[in-house]
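Enquirer: Next input, structure requested:
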Amino acid sequence: MTYHHAPRATGWVGWVWFGGAMMIMAGLFNVITGLAAVFAERVYVQTSARLLIFDVTTWGWVHLVLGVLVLATGVAVMVGQNWARVVGVVLVMLNALTQLTWIAVNPWWSLAVIAIDVLVLYALIVHGREARLD
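Expert: Okay, the predicted model is just below:
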């Protein structure tokens, strides 16, 4: 008689929870950034010498919507949903790209968020399987 044991999570599962927590935090930060850009236009100043594909208000809406999606997916990652790993990787890559274009408006913040996004990608891609629910 053969017994099949479920694979045991190792200490690396903490990376996945870290990734989920960072996604929640990044989502909240994006929501705050988006709200500031949409409703308090004087917070961010767009100059002609900097490259932005859209105006600051449009980028505010992009940050707001992406922030909500990243936040919700981060919660799903934390509770071990399988789909959240793939969706999380895509959303975090999109977040890094939007931060790259936002770098003209807020360079130090964008660089910090991109660095966190890289850590989240590592956690989700390399160790994400350990936190899944079956």
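
Enquirer: and the host helix or strand of residue 58, which residues are buried?
Expert: Following DSSP states H and E, one finds residue 58 within helix 56-78. Within helix 56-78, the residues scored as buried using 16 or more other CB atoms under 10 Å are 56, 59-60, 62-64, 66-67, 69-78. C-beta here means a position set from N, CA and C on the backbone, and glycine is covered the same way.

Enquirer: pLDDT score for the closest residue to residue 113 other than its chain neighbours?
Expert: Once flanking residues are discounted, residue 113 sits nearest to residue 99: 4.8 Å by CB to CB, 6 or more residues apart in numbering. Here, the pLDDT recorded for residue 99 equals 85.

Enquirer: Isn't residue 99 up against residue 115?
Expert: No. Using CB atoms under 8 Å, residue 99 and residue 115 do not qualify as a contacting pair, with a distance of 9.8 Å.

Enquirer: who's more crowded, those two?
Expert: Applying other CB atoms under 10 Å to residue 99 and residue 115 shows that residue 99 carries more neighbours, namely 24 against 12.

Enquirer: ok, now how distant is that one from residue 110?
Expert: Separation of residue 99 from residue 110 (CB to CB, to the nearest Å) stands at 4 Å.

Enquirer: can you check residue 76 too?
Expert: In terms of CB to CB, residue 76 sits 25 Å off from residue 110.

Enquirer: Show me where the protein dips below the pLDDT cut-off.
Expert: 1-11, 41-54, 128-134 (pLDDT under 70).

Enquirer: try 50 this time
Expert: 134 (pLDDT under 50).

Enquirer: remind me, longest helix of it?
Expert: helix 13-39 (DSSP state H).

Enquirer: from the middle of its chain, how far away would it be?
Expert: 6 Å (CA atoms, centre = their mean, to the nearest Å).
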